[in-house]
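J.: Output the structure for:
(2 chains)
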2 protein chains.
Amino acid sequence: MNRIRKTALLVTFFIILVLTFAIAEKQESFNPYVDSAGTITLPPDFRSTWAYLGTWVVTSQIAAGPEQNKMSHANGIHEVFTQPESLKAYQKTGSWPDGAVLILEVRPVQWDDLPTGHVMYAGDEIEISVMAKDSTNRFNGHANWGGGWGWGLFKAADHQTNASQDHKIDCLGCHEVAKDTDWVFIQGYPALR
Amino acid sequence: MNRIRKTALLVTFFIILVLTFAIAEKQESFNPYVDSAGTITLPPDFRSTWAYLGTWVVTSQIAAGPEQNKMSHANGIHEVFTQPESLKAYQKTGSWPDGAVLILEVRPVQWDDLPTGHVMYAGDEIEISVMAKDSTNRFNGHANWGGGWGWGLFKAADHQTNASQDHKIDCLGCHEVAKDTDWVFIQGYPALR
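T.: Modelled structure (predicted):
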């Protein structure tokens, strides 16, 4: 009896161990740029290997609201990318699959006079914003997760640290108006229209 | 003797046939978007599957020269792409490999007032320019080939026909000033800098 009890205990322990690893594996594998605690890391090499969605150019001052006529903190050229498979999934279903990552890179405007006219193009990186789709609300209560996404902000000087302390303060200020399109400004992305 | 001569003739004919096919195959395979006569076709699906290089925004009038203060014919947002393998090759060697294709898509500027400020983004396609690298001067004398490149222009209304009649008139007017960087405005492409 004692031996049976010991065996049962050992088997139970083994099953719990296997389940723990299986769950950890599942949590980790939903997105290679998000660890099991919800910490977001900056995907490498997105500019050369990911799908390009579109560009926003912000050269003007704020048009309305309490900050009217102030120079925008977002001044610059914003280029947006996603994984090729996430673009394909969106084109097929009209929504972002779990694990989709959107990246917005901000660079200052450079100018040149070319035969085509006075042109603007992108200078050196200022900062990079990251959105990581989480369809199952894995990190409920985490300050950088909410609305079905994880939110990240990486300054050019430190690509290792998510500079966003709280996505409601650091990210939603701009994204709030795109809430009805899952927080993404899809009107600017020809491949999604 | 007569029989040997016949056999020799047959063998010679067979060798010529094989060589002809081999050469034709080689000419056709240097670039899937260029046929053996040098006709350029528009690569499909580049926007979703190719590597993005950068964006030029032309909103202003012509800054200098005889057309000064006229609205530029190139007004709009210009987005530039290449094959992923051509980007990799350029990053490694500093020059475009034979068969490299560069695509520049022109779209009109759209405006919106967002929390970030008064923003510009790309509307619906106006036209697409194509450059196809030819390191071996395959199409010497062809009006749309010169300077180590084939030159194409496709209007949104007709993606089947190269609208460029003569690359010296239809393309080099803008590209002349980039002659020293193999006719490509590399300063606008962060992945190449």
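
J.: after the host helix or strand of A:Thr55 comes which helix or strand?
T.: In this assignment (DSSP states H and E), A:Thr55 forms part of strand A:51-58. Per DSSP H and E, the first helix or strand lying C-terminal to strand A:51-58 is strand A:76-82.

J.: close to chain B, is the following helix or strand past that following strand?
T.: Moving toward the C-terminus from strand A:76-82, the next helix or strand (DSSP H and E) is helix A:84-93. Yes - Helix A:84-93 lies within reach of chain B by C-beta under 8 Å from any C-beta of the partner chain, at A:Pro84, A:Leu87, A:Lys88, A:Gln91. For glycine as for every other residue, the C-beta is placed from the backbone atoms N, C-alpha and C.

J.: and A:Val106, helix, strand or coil?
T.: Secondary structure assignment for A:Val106 (DSSP: H, G, I helix; E, B strand; the rest coil): strand.

J.: Verify the contact between it and A:His78 for me.
T.: Yes - with contacts counted by C-beta atoms under 8 Å, A:Val106 reaches A:His78, the gap being 5.3 Å.

J.: hang on, A:Arg138 in a strand?
T.: No - secondary structure of A:Arg138 (three-state DSSP): coil, not part of a strand.

J.: where along chain A do the helices fall?
T.: Secondary structure of chain A (DSSP state H): helices located at A:2-29, A:46-49, A:84-93, A:167-170, A:172-175.

J.: comparing those, which gets the lowest mean pLDDT score?
T.: Lowest mean pLDDT within those: helix A:2-29, a mean of 71.

J.: still on that earlier bit, name the member of the residues of helix A:84-93 next to chain B that has the highest neighbour count.
T.: Using other C-beta atoms under 10 Å in any protein chain shown as the neighbour test, these are led by A:Leu87, with 23 neighbours.

J.: residues contacting the closest residue in space to A:Thr41 that isn't next to it in sequence?
T.: In space, and not counting its chain neighbours, A:Thr41 is closest to A:Tyr33: 5.1 Å by C-beta to C-beta, 6 or more residues apart in numbering or on different chains. Contacts for A:Tyr33 (C-beta atoms under 8 Å, 6 or more residues apart in numbering or on different chains) come out as A:Ile40, A:Thr41, A:Leu42, A:Pro43, A:Val101, A:Val130, A:Ala132.

J.: what residues are up against the residue nearest the centre of chain A?
T.: Ranked by distance to the mean C-alpha position of chain A (C-alpha atoms, centre = their mean), the top residue is A:Met131 at 1.6 Å. A:Met131 makes contact with A:Val101, A:Leu102, A:Ile103, A:Trp149, A:Gly150, A:Trp151, A:Gly152, A:Trp183, A:Val184, according to C-beta under 8 Å, 6+ apart.

J.: Those also near chain B: which ones?
T.: Okay, of the contacts of A:Met131, nothing touches chain B (C-beta under 8 Å from any C-beta).

J.: Among these, name the buried ones.
T.: In the contacts of A:Met131, burial by neighbour count holds for A:Val101, A:Leu102, A:Ile103, A:Trp149, A:Gly150, A:Trp151, A:Gly152, A:Trp183, A:Val184, counting by 16 or more other C-beta atoms under 10 Å in any protein chain shown.

J.: pLDDT weak spots in chain A?
T.: A:1, A:20-29, A:60-64, A:71 (pLDDT under 70).

J.: How many residues are close by A:Lys179?
T.: Neighbours around A:Lys179, by other C-beta under 10 Å: 11.

J.: Can you tell me the closest non-neighbouring residue to A:Ile103?
T.: A:Phe81 (4.7 Å).

J.: which residues does the one you found bridge with?
T.: Beta bridges link A:Phe81 to A:Tyr52, A:Ile103, judged by DSSP bridges.

J.: Tell me who's in contact with it.
T.: Applying C-beta under 8 Å, 6+ apart, the residues near A:Phe81 are A:Phe46, A:Arg47, A:Trp50, A:Ala51, A:Tyr52, A:Leu53, A:Leu102, A:Ile103, A:Glu105, B:Tyr52.
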